[in-house]
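**Q** Sequence plus the predicted model coming up.
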Amino acid sequence: MAKVVVIYSGGMDSFTVLNRAIRDGHEVYALSFNYGQRHVKELEVAAQAAAKLGVPHKVVDITAVNSLLGGSSLTSADDAIPEGHYAEDSMKSTVVPNRNMILLSLAIGYAVSLDASAVYYGAHSGDHAIYPDCRPEFVKRMNDVSLIANYEPISIEVPYLDNNKAEILADGLAMGLDYADTWTCYNGRELACGKCGACVERLEAFAENKVTDPLSYES
């Protein structure tokens with residue numbers, strides 16, 4: 001049984017990736033990051049879900065990086081979280097500079113320390129237009145570097161790179177997953193807002209699969 005590290009935010013995509021890695025027979029280690037995101041509630045949900053699955057789970061505080069990284073509404077209380085569909089240009093304000101390269105680098109180091117063979121993360125086709133660090137060309141080059149960056153080659157696995165969110169959800173539903181164990185909303189309030197890009201895309205995925213989202217929404 002191969003050991004793998006899964007970058008696990010607590011959102012529905014990474015939750016599906018985590019469960020896919022388990023179903024594929026791997027010994028899974030979940031790794032979450034507190035990078036100062038406003039929706040820090042996702043980390044609480046991640047911890048609860050990992051405990052239910054019996055998966056080892058680390059939450060690493062890297063909030064100090066925000067002294068270097070700016071310009072994202074996800075980490076700045078001064079900037080409003082944009083509402084509407086992900087395809088709109090305003091969603092670019094949710095980009096955290098170089099986030100996935102930073103998180104992958106740390107996860108690769110963790111994988112080396114565990115004698116693991118791979119790092120999994122949940123980039124998908126719906127992210128390609130807005131997030132450069134979710135695009136296939138980024139994944140390929142990051143994987144090339146990861147294979148030579150240490151004495152032990154670590155592959156980067158992105159099982160849903162060519163799938164959209166509705167297709168990811170469909171796979172999760174086929175696995176019998178409970179998406180009440182996830183958090184997607186960019187606003188870290190008690191209930192999901194239903195209006196931010198993350199909520200809109202999530203609700204569209206559930207509608208496309210003709211099932212009801214188990215989360216409660218403000219509106």
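**A** Alright, I've got the coordinates. Numbering: from 1, shown residues only.
**Q** What is the burial count for T184?
**A** As a burial measure, T184 scores 27 neighbours (other Cβ atoms under 10 Å). C-beta here means a position set from N, CA and C on the backbone, and glycine is covered the same way.
**Q** tell me the SS of it?
**A** coil (DSSP: H, G, I helix; E, B strand; the rest coil).
**Q** Quick check, it in contact with R202.
**A** Yes. Counting by Cβ atoms under 8 Å, T184 does reach R202; the two are 4.6 Å apart.
**Q** Summarise which helices and strands the strand ranked longest in the chain is packed against.
**A** With secondary structure taken from DSSP state E, the chain has its longest strand at strand 27-34. Identification of packing neighbours for strand 27-34 by 3 or more Cβ pairs under 8 Å, 6 or more residues apart in numbering; DSSP states H and E yields strand 3-7, helix 12-23, helix 41-53, strand 57-61, helix 99-114.
**Q** Go through the ones you listed and name the closest to L68.
**A** Closest to L68 of those, according to Cβ to Cβ: helix 99-114, at 9.8 Å.
**Q** what comes up buried for the closest one?
**A** Of all the residues in helix 99-114, those buried under the rule 16 or more other Cβ atoms under 10 Å are 99-100, 102-108, 110-112.
**Q** about what we covered before: identify the residues contacting the longest strand of the chain?
**A** Where contact means Cβ atoms under 8 Å, 6 or more residues apart in numbering, the residues beyond strand 27-34 that reach it are 1-10, 18, 21-22, 40, 43, 46-47, 50, 55-63, 103, 106-107, 110, 114, 116.
**Q** Show me which residues of that strand are buried.
**A** 28-33.
**Q** now stretch 3-11
**A** 4-11.
**Q** Among these, which one sits closest to A170?
**A** Top of the list for closeness to A170, among the buried residues of stretch 3-11 and by Cβ to Cβ, is G11 at 16.4 Å.
**Q** Angles on the backbone of that closest one, please.
**A** phi -80, psi 170 (degrees, to the nearest 10).
**Q** gap between it and V112?
**A** Using Cβ to Cβ, to the nearest Å, G11 is found at 26 Å from V112.
**Q** swap in D13?
**A** D13 is 25 Å from V112, by Cβ to Cβ.
**Q** follow-up on the earlier one: please produce TSV containing the buried residues of helix 99-114, extended by pLDDT.
**A** Below are these laid out as TSV (pLDDT from 0 to 100):
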residue	pLDDT
R99	82
N100	86
I102	92
L103	94
L104	96
S105	95
L106	96
A107	98
I108	98
Y110	98
A111	98
V112	98
